[in-house]
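> Just need the structure, nothing else, for what follows:
(one chain, ligands or ions: 1)
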Amino acid sequence: MLKVSNHSVAYGQSTIIRGLNLDVNDNEIVAVVGRNGMGKTTLMKSLIGMTPSRAGSVSLNHTDLSAMKSFQRVRAGLGFVPQGRMIFPALTVRENIETGLAAVGEKKVPRDLYELFPVLEEMQHRRGGNLSGGQQQQLAIARALATRPKVLLLDEPTEGIQPSIIQEMARTLKRIRDERGLSIVVSEQVLSFVMEIADRILVIEKGDIVHQEDKEDADQNKIASYLAV
Ligand SMILES: Nc1ncnc2c1ncn2[C@@H]1O[C@H](COP(=O)(O)OP(=O)(O)OP(=O)(O)O)[C@@H](O)[C@H]1O
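As a prediction, this is how the structure comes out:
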């Protein structure tokens, strides 16, 4: 499905992602965990094409995305939920979702998005900025799903979300994976969320994957030790 090979990203002289390799299978949920500043956001932004890579390749179902701009990567099948959600506060809920649709040349919000997130239908005429953090996260996910991605990328989705809603978010994302048959790559620091959602857990340190395990065999203490400051 998604194949990332020898991927490197730098800001000026400082290399942030160093020759990283990542394979994501069909229908798989992969969590990339790591402390602040280890390169999670840089990795996610570079996969969607918002930050240029210095070397390596990113391909989706054998289509090379490396030279593509973000909107072309979205058309090719990547969806992105950025850190902080980045919804447009002055636009209505419906208009926010429509910004996602524009990338694939559609106009009408698909019914199944409102079925997935009924609160967004109820609030479709409210401004995005008036939604709670959890509702804004649902909106950001709906906007990303509007383009019918094959791989959904989420950057620290639990940040700023109430603990009571975090487990619900994990269930919703697994349901999305099951119903839509897509793959998910999620960067995270909250271990309980990762254990709930992931099939496979990768640890990123200083821009490279230094450890990985299947969730079934995961040693939580070991993963927690990578997250400890
Ligand atoms: N635009 C930029 N220019 C220069 N350096 C940057 C830029 N963005 C990030 N960095 C640096 O790159 C490194 C990795 O940052 P990144 O945001 O990818 O980490 P992260 O793991 O996502 O952390 P966080 O959890 O805090 O978001 C950090 O040292 C950061 O200071």
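> just checking, A55 touches S5?
No. Between A55 and S5 there is no contact under CB atoms under 8 Å: 9.6 Å. Any C-beta I mention is one placed from the backbone N, CA and C, and that applies to glycine too.
> Give me the common contacts of the two.
Counting by CB atoms under 8 Å, 6 or more residues apart in numbering, no residue touches both A55 and S5.
> any residue of stretch 3-17 up close to the ligand?
Yes. Residues of stretch 3-17 contacting the ligand under CB under 6 Å from any ligand atom: 11, 16.
> Between the two ends of that stretch, how far is it?
With CA to CA, to the nearest Å as the measure, the ends of stretch 3-17 fall 15 Å from one another.
> Okay, and the beta partners of the residue positioned nearest the centre of the chain?
Closest residue to the average C-alpha location of the chain: L154 at 1.5 Å, with CA atoms, centre = their mean. With DSSP bridges applied, L154 shows beta-bridge pairing to V81, V186.
> can you give me the strands in this protein?
2-11, 14-24, 29-33, 55-60, 63-64, 78-81, 151-155, 183-188, 200-205, 208-214 (DSSP state E).
> contacting residues for the nearest residue to V24 once chain neighbours are set aside?
Leaving out its chain neighbours, the residue that sits closest to V24 by CB to CB, 6 or more residues apart in numbering is L2, at 4.1 Å. By CB under 8 Å, 6+ apart, L2 lies in contact with 22-24, 47, 58-60, 151, 183, 185.
> Among those residues, which one sits closest to the ligand?
L47 (11.9 Å; CB to the nearest ligand atom).
> got the angle between the lengthiest helix in the chain and strand 29-33?
Determined from DSSP state H, the single longest helix within the chain is helix 163-180. Here helix 163-180 runs at 140 degrees with respect to strand 29-33, directions being taken by axes from the mean of the first three to the mean of the last three CA atoms, to 10 degrees.
> Residues contacting helix 163-180, please?
Contact with helix 163-180 is made by 27, 29, 116, 134, 137-138, 141, 145, 148, 152, 154, 157-158, 161, 182-184, 186, 190, 192-193, 196-197, as judged by CB under 8 Å, 6+ apart.
> List only buried entries from the residues you listed.
Neighbour-count burial (16 or more other CB atoms under 10 Å) applied to those gives 29, 116, 134, 137-138, 141, 145, 152, 154, 157-158, 161, 182-184, 186, 190, 193, 196-197.
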